[in-house]
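Next come a sequence and a model predicted from it.
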Amino acid sequence: MIRILSALAGIVFAGVALVAFFMGAWTFFSEEAVHSPDHEFHLEAHGPEGGFSFDGPLGKWDTAQLQRGYKVYKEVCSACHSLKFVAFRNLADLGYSEAQVKAEAATWQVPGIDPNTGEATTRPGEPTDYFPSPYPNAVAAAAANNNAIPPDLSLMTKARHHGSDYVYSLLTGYTDPQTFAKDGERLMEEFPEFTTPEGLYFNPYFANLNLAMAPPLTSEGQVTYDDGTRATISQMSKDVAAFLTWTAEPKLIERKQTGWPVMLFLIFATALAYLAKRQIWSDVKPKKKA
Ligand code: HEC
């Protein structure tokens, strides 16, 4: 009985697998390729020339760069984007002293309560406070941005494929759709009806090519760097992308560095296991072939 049942189960299973296979093959061959602007003209994100200092297994933070990136966030992006998972005290990671963190926190206004009346007010930030949101609520955020809510940036580089590269590409990628071409094909020739609606901006790195964020970095020197680095658009984009990589994964470098001892330990353990195996089986002679 059990045999018949298992045979039946096997037949049903194989049948379902076969049907699924043929249906998949059918859609694969019969489906027409999607023909749409965002499908054909979207660009893959790429990092800055030379990559980031934290790329690769031996990567490291460049703290001077993180400090510059923080300044770009503070002076440009924070007008619209919050950073709600980062506290001012975390800035100590960027190489600031305790006193500097305290002074820096105090340059921000965070929501507070008037001690006499209990009314909501603002007060200077403390190291334990988190970065404040630029808008009191989502409705205000949408109203100020053509109905799009600027997303929180704390985890942005983890929320997008190749996030650090993506932020860099997005910030440097704004261009004119009229002249935009990919692989030698002009967007406006392929899709003459393509438009960028009023209040949106064309950017081929954004998934549907038009987004509600006006180009935030538009001129060299928009941020004045304290360390004398030339603040080109590409440099500011790279620095803020690095800073946002840190906010999303502050332990990135520690994680990479823990990897090395672990790998060494595993290699050592493998060698040990091999030697133990030889020792245990040493008095068993291999069978001679007849
Ligand atoms: C004037 C307001 C404003 C400023 C300033 C601004 N942004 Fe934005 N940003 C937006 C809005 C609005 C969106 C949502 C766009 C959409 O979904 O169409 C957005 C979206 C984004 C996104 C998400 C894109 C995606 O894939 O969903 C990133 C990343 C981003 N901004 C980074 C930055 C950085 C970095 C800065 C500073 C250099 C900055 N923004 C400055 C308004 C702003």
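Right, received. Where do you want to start?

Which positions in this protein make contact with the ligand?
Within the chain, the positions lying close to the ligand (CB under 6 Å from any ligand atom) are 72, 76-77, 79-81, 145, 148, 150-151, 153, 156, 160, 167, 170-171, 206, 211-214, 216-217, 240. To be clear about C-beta, it is placed using only N, CA and C from the backbone, and glycine gets the same treatment.

5 Å instead, please
Neighbours of the ligand within the chain, by CB under 5 Å from any ligand atom: 76-77, 79-80, 145, 148, 150, 156, 211-213, 216, 240.

Need the max-distance pair from these.
Ala148 and Val240 (19.6 Å; CB to CB).

Those two: which is more packed in?
Val240 (28 against 15; other CB atoms under 10 Å).

excluding its backbone neighbours, what's nearest that one?
Val72 (4.1 Å; CB to CB, 6 or more residues apart in numbering).

which residues does the one you found contact?
Leu217, Val223, Met236, Asp239, Val240, Phe243 (CB atoms under 8 Å, 6 or more residues apart in numbering).

Reformat those residues as CSV; add secondary structure.
Below are those laid out as CSV (DSSP: H, G, I helix; E, B strand; the rest coil):
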residue, secondary structure
Leu217, coil
Val223, coil
Met236, helix
Asp239, helix
Val240, helix
Phe243, helix
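
Kindly reformat these as JSON lines and extend each row with pLDDT.
Below are these laid out as JSON lines (pLDDT from 0 to 100):
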{"residue": "Leu217", "pLDDT": "97"}
{"residue": "Val223", "pLDDT": "96"}
{"residue": "Met236", "pLDDT": "98"}
{"residue": "Asp239", "pLDDT": "98"}
{"residue": "Val240", "pLDDT": "98"}
{"residue": "Phe243", "pLDDT": "98"}
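
Okay, helices next: where are they in the stretch 1-150 of the chain?
For the stretch 1-150 of the chain, the helices defined by DSSP state H, counting those that start in this stretch occupy 2-30, 37-41, 63-75, 98-106, 138-144.

ok and the fourth one relative to helix 63-75, angle-wise?
Pointing back at helix 98-106 there. Inter-element angle recorded for helix 98-106 and helix 63-75: 20 degrees (by axes from the mean of the first three to the mean of the last three CA atoms, to 10 degrees).

Identify the residues contacting helix 98-106?
Phe88, Arg89, Leu91, Ala92, Tyr96, Pro124, Gly125, Glu126, Pro127, Asp129.
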